[in-house]
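1. Here is my input, please return the structure:
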Amino acid sequence: MAGIKADAQTYEVKLTTEPIGGGGDGRTFLGSSDESTNVIVIDGTMPPARQEEVLLHELCHIADPTAPEFAIKAMSNGLYGVLRSNGLLVSDLIGKVKTGEVTPAEMAELNQHAEALAEKAAQMGFMRKGASSEVGSPSDPLPGREAYDVSEWKAACLLPEFDVLPIRSPRGVPSLPAMQLAAAQLLGVRPGPNLTADQKREAVRKLVWAYRGMKVEPPASLALL
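-> Next up is the predicted model:
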């Protein structure tokens, strides 16, 4: 197959060995529903397994273009883990959908579209990268780390001495999505910090207390840790 078809549109998958721009990790998904041609650009210098992971992330964006980045990341990480563990991803996946290499001129033009899409997302109420947002209720996700000062970030983390596993907003409001992510990281179903057994137990203890402080039953599997 060449490219990926979704919602009556064809998404071209292109690799590049040049800086893509538009994102701190060196890649950008580009395209919108009002364009006849959509492009997924992936850093071709990455290992094949990482390219697969990035492609799945971008396909989740296609599946739900209105979802904020934190939700897309959770979906794609979960999907990637399931597919890899069941041997359903292969190293030539990118090769099967690659239609060519992107040029610097194409990257410049496509990144202009990316900025327009980011602005549109902001107008719809989604948080842009680098934008500060406060958690107003337990169902809200956390803002990015740039929204915290040093003391706020440490207070937000389950293990402040290591600056990891944040579960509270800059003002100390707990966030259930962040707590669920921390639980998944501690259970090993999401990538997380490299902790010793004692550090993990301490983080689990604090997380369980945080759940109970909100009058929410913690995941039963946490007790096993």
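2. C-alpha from now on. contacts and neighbour counts both.
-> Fine.
3. Counting neighbours, what do you get for the residue nearest to L142 when sequence neighbours are not counted?
-> In space, and not counting its chain neighbours, L142 is closest to S169: 5.9 Å by C-alpha to C-alpha, 6 or more residues apart in numbering. Here the count is done by other C-alpha atoms under 10 Å, and S169 has 28 residues near it.
4. Isn't S169 up against S175?
-> Yes. At 7.2 Å, S169 counts as touching S175 under the criterion of C-alpha atoms under 8 Å.
5. now the residue most central in space within the chain: how far from V150?
-> Averaging the C-alpha coordinates of the chain gives a centre point, and the residue nearest to it by C-alpha atoms, centre = their mean is K73 (2.6 Å). The gap separating K73 from V150 is 25 Å, by C-alpha to C-alpha, to the nearest Å.
6. per-domain residue ranges of this protein.
-> The chain breaks down into these structural domains: 4-123, 145-224 (assignment by automatic domain parsing).
7. Quick one: closest of those to S139.
-> If you check each of those against S139 by C-alpha to C-alpha, domain 145-224 wins as the nearest, at 5.6 Å.
8. looking only at pLDDT, what's the mean for the closest one?
-> For domain 145-224, the mean per-residue pLDDT is 87.
9. Just give me the neighbour total for S175.
-> When neighbours are counted by other C-alpha under 10 Å, S175 registers 23.
10. which residues in the protein form helices?
-> Secondary structure of the chain (DSSP state H): helices at 48-63, 69-85, 93-97, 104-123, 150-156, 176-187, 197-213.
11. Could you dump these into CSV with distance to P219 added?
-> Formatted as CSV, these follow (distance: least, C-alpha to C-alpha, whole Å):
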stretch, distance to P219
helix 48-63, 26
helix 69-85, 17
helix 93-97, 35
helix 104-123, 33
helix 150-156, 20
helix 176-187, 8
helix 197-213, 8
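12. how about those, which one is nearest L142?
-> Distances from L142 to each of these were compared by C-alpha to C-alpha, and the smallest falls on helix 176-187, at 6.5 Å.
13. residues contacting Y211?
-> By C-alpha atoms under 8 Å, 6 or more residues apart in numbering, the contact list for Y211 reads 179, 217-218.
14. and if you look at P166?
-> Residues in contact with P166, defined by C-alpha under 8 Å, 6+ apart, are 153, 156-158, 178-179, 182.
15. what's the spacing between it and G188?
-> Distance, P166 to G188, using C-alpha to C-alpha: 16 Å.
16. quick revisit: the residue nearest to the centre of the chain and H57 touch, don't they?
-> Yes. Checked against C-alpha under 8 Å, the pair K73 and H57 is within contact range at 6.7 Å.
17. quick one: the residue nearest to the centre of the chain from E53, how far?
-> Taking C-alpha to C-alpha as the measure, K73 and E53 are separated by 10 Å.
18. Which residue is the nearest non-sequential neighbour of V54?
-> What sits nearest to V54 in space, not counting adjacent residues and going by C-alpha to C-alpha, 6+ apart, is I42, at 7.2 Å.
19. partner residues bridging the one you found?
-> In this structure, I42 has beta-bridge partners L15, where bridges are defined by DSSP bridges.
20. What degree of burial does it show, as a neighbour count?
-> Using other C-alpha under 10 Å as the criterion, I42 is surrounded by 27 other residues.
21. Hmm, it is touching R50, no?
-> No. At 9.9 Å, I42 does not count as touching R50 under the criterion of C-alpha under 8 Å.
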